[in-house]
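In: Predicted model follows, preceded by the sequence.
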Amino acid sequence: MRNTGRIAKWQSLALAIAALGIGCKFASPGASNGPGTGTGGVTGRGGTSGGGGAGGRVMPNIGGFPGKDAGAALPPPLDDFPADPIIDPSAPANAPALFDGTAPRAGGAPCIVSPITGTLMPRNWLRPRFELAAASGENLFELDLTVAGFAHPLRIFTRNPSTALTADLWNRLRLVVDKTITVTARALQTDAAGAVQVAPSSPAEATFVIAPVDAPGKIVYWALADDMGTKVGSLKGFGIGEEGVRDVLVPSQVASRSSGETCVGCHTATPDGNGVGFSMGPTNYFGNLADIRQGSTGVLPPYANPTGMSLVRTLRGIPAYSKGHWTDGDRVVLMSDTGTLHWVQVDGTANGTLARTGDASKATEPAWSHDGNQVVYVSATSITDGRLGNGPADLYSIPYANRAGGNATPLPGGSDPGATEFYPSFSPDDALVAFTRLAGSGSSYSNPASEVFVVPFGGGTGGTAVRLAANDAAACQTNLASPGLTNDWPKWSPQAVTANGKTYYWLTFSSKRNGTANAQLYVAGVVVDGAGKVTSYPALYLWNQPAADGNHTPSWDDFSIPPIIVD
């Protein structure tokens, strides 16, 4: 029998209600419906503001992952949920009785927008936030979480359709790995006096699993406060599990910029994590380089050679670096400019181009393997500001061969003649390549038809491309279908981790599925088993980001930016 009266013992688990509300201008597709934004609650803060810059106040980090107490001893894994329900202050005290004592109706189940069923969460993820969309005006919700082997479900009652677990509960639940956690949701409607007007709905159900590994590193992304306007673009960032964002680089900090360069655009981490290579606009989008560490933000790194940098400042394109070529005397950047793969030694004066024997098309958007031996690029006929313009375009690979290049070959799985493939990215172990793909030969510029795929690299032998499950919204969001959500710009986390015979990868990408024309950032798991089978998982929304901003072109690496810490 469910106990609906005793809640004091677990009052500390009271709901935290989350309040959420390439270049420097993106084309505007039609708006779409997406997750609710929430309106406040017990401890929810941040959300719509997304924190501030270096000194902004944001939601506190959760204990032990990452933050002021990172590295502290972790609590034991949760072995049961509390027997008593959690009743949020937004809900009436008799909410359990309203659901338990009223005959249910058929149908009317709310849509569980997040987590999408089948989601894989990294162990250091943000506190799970459950997003519901009422079917027809229901205003009181029951959320139940169950785990096999637990004696009790976790029952939560709230009027807020956007509800997050508290940190203390999540810090123990996150250690319950490789077990299916089932979420069921019901909804009813009450009048102003609290009487039931619409009976409890049938239940909706979703599931998620917590991976036995963390998602490492930090994400730095291109942000625009007014996505469709002319606001200045800058770089913002955060660590996985941090519940806010901070300024990383704004145009006025870039010491080597010209007066007309007011927008930081496409960017890539330098292999040491201490800087970013980027293009600056909005006129020419020439290359640049800046430190991002506190105390030296925006200045040229000390190794930068004036001659090498003067050449970089005449080239366009998304910069590419490799850990295999980032030591003194061999700090090299690749840039594509108008169709040739240029290499420039940024700590010297040497420069040249990589041969692409057998490919007469233009080259753009290079990705460089971490071992420094291979380059994957986009073979195209149309280039704009150093990036792909319109298709058709395919992925090709060449050897780096000590700055010489070599024979160019299409990458099987990334060179479909009926599609346009672009924005390639090597996984941290160089085993996989992620890329954006769209059918036919349309524009690559924030195209709603774009989707994210991965393909085995195999030293250039390629394989069968896998369309990520993360392209799709929840099945109950019937008005959101991909292609059509602008899934774009995939980037891998900086390490792959093997556990229980499987290798776990994480990808971030941008998508316009959140209910506005603004792009937002998402993360998804990709797992490869011992037989080489690739399995992808639905997308996780990064609810720490400012929901009102346009957040694009993420880069994920071991960036040297401070953690976001508040008292």
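Out: Good, I have the coordinates. All of these numbers come straight from a predicted model, not from anything done at the bench.
In: Show me the helices in this structure, by range?
Out: 95-100, 167-173, 306-312 (DSSP state H).
In: ok now do Lys362, which residues does it touch?
Out: Listed by Cβ atoms under 8 Å, 6 or more residues apart in numbering, the contact set of Lys362 reads 338-340, 379-383. The C-beta positions use only the backbone N, C-alpha and C, and glycine is treated the same way.
In: Quick one, which of the helices of the chain gets closest to Val209.
Out: When these are compared by Cβ to Cβ, helix 167-173 sits nearest Val209, at 11.8 Å.
In: For the closest one, give the mean pLDDT please.
Out: The average pLDDT within helix 167-173 is 94.
In: Tell me which residues of it come out buried.
Out: 167, 169-171, 173 (16 or more other Cβ atoms under 10 Å).
In: Among those, which one sits closest to Phe422?
Out: Using Cβ to Cβ, Trp170 comes nearest to Phe422 of the buried residues of helix 167-173, at 37.3 Å.
In: per-residue confidence at the nearest residue to the closest one once chain neighbours are set aside?
Out: Residue nearest to Trp170 in three dimensions, not counting chain neighbours: Arg127, with 4.5 Å by Cβ to Cβ, 6 or more residues apart in numbering. Note on Arg127: pLDDT of 95.
In: Count residues in the vicinity of Arg127, would you?
Out: Number of residues near Arg127 (other Cβ atoms under 10 Å) recorded here: 21.
In: my read: it touches Asn171, true?
Out: No. Between Arg127 and Asn171 there is no contact, the gap being 9.0 Å when judged by Cβ atoms under 8 Å.
In: Verify the contact between Tyr377 and Ser336 for me.
Out: Yes. Between Tyr377 and Ser336 there is a contact under Cβ under 8 Å: 7.1 Å.
In: more neighbours, the two?
Out: The neighbour comparison of Tyr377 against Ser336 (other Cβ under 10 Å) goes to Tyr377, with 29 against 26.
In: residues touching that one, list them.
Out: 336, 341, 356, 363-367, 395-398, 424.
In: I'd like to know the beta-bridge partner residues of it.
Out: Tyr396 (DSSP bridges).
In: Residue numbering should commence at 259 henceforth.
Out: That works, and once the first residue is 259, the last one we named lands at Tyr635.
In: where's it relative to Ala659, distance?
Out: Using Cβ to Cβ, to the nearest Å, Tyr635 is found at 14 Å from Ala659.
In: about what we covered before: turn the helices of the chain into JSON lines, including distance to Asp687.
Out: Output for the helices of the chain, formatted as JSON lines (distance: least, Cβ to Cβ, whole Å):
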{"stretch": "helix 353-358", "distance to Asp687": "49"}
{"stretch": "helix 425-431", "distance to Asp687": "29"}
{"stretch": "helix 564-570", "distance to Asp687": "29"}
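In: wait, which of those helices is closest to Thr377?
Out: With Cβ to Cβ, the closest approach to Thr377 among those belongs to helix 425-431: 14.2 Å.
In: so which of the helices of the chain comes closest to Asn665?
Out: helix 564-570 (26.4 Å).
In: which helices and strands does that closest one pack with?
Out: Applying 3 or more Cβ pairs under 8 Å, 6 or more residues apart in numbering; DSSP states H and E, we find helix 564-570 packed against strand 544-549, strand 600-603.
In: give me that answer again for 6 Å
Out: strand 600-603 (3 or more Cβ pairs under 6 Å, 6 or more residues apart in numbering; DSSP states H and E).
In: The strand it packs on pairs with which strands, and in what direction?
Out: Neighbouring strands of strand 600-603 in its sheet, by DSSP bridges, are strand 590-593 (antiparallel), strand 609-611 (antiparallel).
In: contacting residues around that strand?
Out: Contacts of strand 600-603 with the rest of the structure, by Cβ atoms under 6 Å, 6 or more residues apart in numbering, involve 566, 569-570, 573, 590-593, 609-611, 661.
In: and if we set it to 8 Å?
Out: By Cβ under 8 Å, 6+ apart, the residues outside strand 600-603 that reach it are 563, 566, 569-570, 573, 587-594, 608-612, 661.
In: Lovely, talk soon.
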